[in-house]
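Colleague: Okay, structure incoming, though there's no sequence with it:
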C-alpha cells in the first residue's frame, strides 16, 4: 500500500496540473470501490474550480468552493493526468474531465481505493481521529514520550497507530527504529524522552529522504509521471530478514509485530 512519501509524491506531481483547473464532468466506470463513490463527485464537483491539492495522512483532497473530493489510493491505485482522448484501460475506474482537454484518471486494479466527499467546514469521519502529521511542528519526541507513558504495546505498533501519528507505515517505522537504535519489540512506555526525541528526528529524516527519492516502490506504486520510487535502494532493514546488518554484520531478525512483518538487528537495536 502506498505510504505517506508515495502519496506526497503523488500530490506534488498532480498539484501543478490540477490547481486552477475547472472540472467539466465526472465519468464513473465503477462505483463499487472500497466504499461507494460519493454522489457529490457527479452532482457537485462538475463546474467547480480546483483551488488546491492537499494531503492529510494517506488521503488526497481536491479542494473546491463547494467541498473537497477525498481520494485514497488503496493498495494498488494510481492517479495520472493524461489527454482526454486516451482510451481507458481495464481498471481505469474514474475520470475527472478538466477544462484543458485532459483528465485526472484513477486506476485501481484491486478496488481498495476510495473517492469520497468532505463538505465545507467539516472533517470527514475518516480524518477526524487522526494524529499529527510526522513532518509538522506538532510531532516531536516530547509528544511521543507523553503519549507513550504506560503503554505496553511494542513501539513499532505504537508508531503505526494512525491516532498517534499518521503515515508512519511498516517500511518507514522499521527504517526509523533501526536508525534510532530502538528495538521494535520494546514497549512504548519503556522508552526515555531523549530516545523518543532521537526517534522523532529519524522518522522525519527517513520520510523526507523517501519523498526526495519519489517514494519506495515495492510492488504496485508508480507516481503520476510514470516513474517508480528510488528509496528502495536506501532501505537498511525492511524486507531483509536474515541478511547481514549494515552496521554490525549480524543476521537481521524477522518476526510479526502487530500482524506486520518486522525486521531489526538485535545487536544494534535495544
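Modeller: That came through fine. Keep in mind the model is a prediction, meaning the values are calculated, not measured.
Colleague: now what about the top helix by length along the chain, what contacts it?
Modeller: Secondary structure of the chain per DSSP state H: the longest helix is helix 193-212. Contact with helix 193-212 is made by 4-5, 8-9, 134-135, 139-145, 148, 155, 159, 165, 167-168, 172-173, 175-177, 179-182, 191, 216, 229, 231, 234, as judged by CB atoms under 8 Å, 6 or more residues apart in numbering. For the C-beta atoms, the positions are set from N, CA and C on the backbone; glycine is no exception.
Colleague: And for stretch 13-22?
Modeller: Contacts of stretch 13-22 (CB under 8 Å, 6+ apart): 47-53, 60, 62, 79, 81, 98-100, 102, 104, 223-225.
Colleague: out of those, which are buried?
Modeller: Neighbour counting by 16 or more other CB atoms under 10 Å classes 48, 50, 53, 60, 62, 79, 81, 98, 102, 104, 223-224 among these as buried.
Colleague: I'd like those residues written out as CSV, with pLDDT, distance to residue 238 and secondary structure added.
Modeller: Output for the buried ones among the contacts of stretch 13-22, formatted as CSV (pLDDT from 0 to 100; distance: CB to CB, whole Å; DSSP: H, G, I helix; E, B strand; the rest coil):
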residue, pLDDT, distance to residue 238, secondary structure
48, 98, 40, coil
50, 98, 35, coil
53, 98, 29, strand
60, 97, 24, strand
62, 98, 31, strand
79, 93, 25, strand
81, 94, 31, strand
98, 98, 37, strand
102, 96, 36, strand
104, 97, 31, strand
223, 46, 20, coil
224, 57, 24, coil
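Colleague: Include distance to residue 195 when you put those residues into JSON lines, please.
Modeller: Output for the buried ones among the contacts of stretch 13-22, formatted as JSON lines (distance: CB to CB, whole Å):
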{"residue": "48", "distance to residue 195": "48"}
{"residue": "50", "distance to residue 195": "43"}
{"residue": "53", "distance to residue 195": "36"}
{"residue": "60", "distance to residue 195": "34"}
{"residue": "62", "distance to residue 195": "40"}
{"residue": "79", "distance to residue 195": "38"}
{"residue": "81", "distance to residue 195": "43"}
{"residue": "98", "distance to residue 195": "48"}
{"residue": "102", "distance to residue 195": "49"}
{"residue": "104", "distance to residue 195": "43"}
{"residue": "223", "distance to residue 195": "34"}
{"residue": "224", "distance to residue 195": "38"}
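Colleague: nearest to residue 245, of those residues?
Modeller: Each of the buried ones among the contacts of stretch 13-22 was checked against residue 245 using CB to CB; the closest is residue 223, at 30.8 Å.
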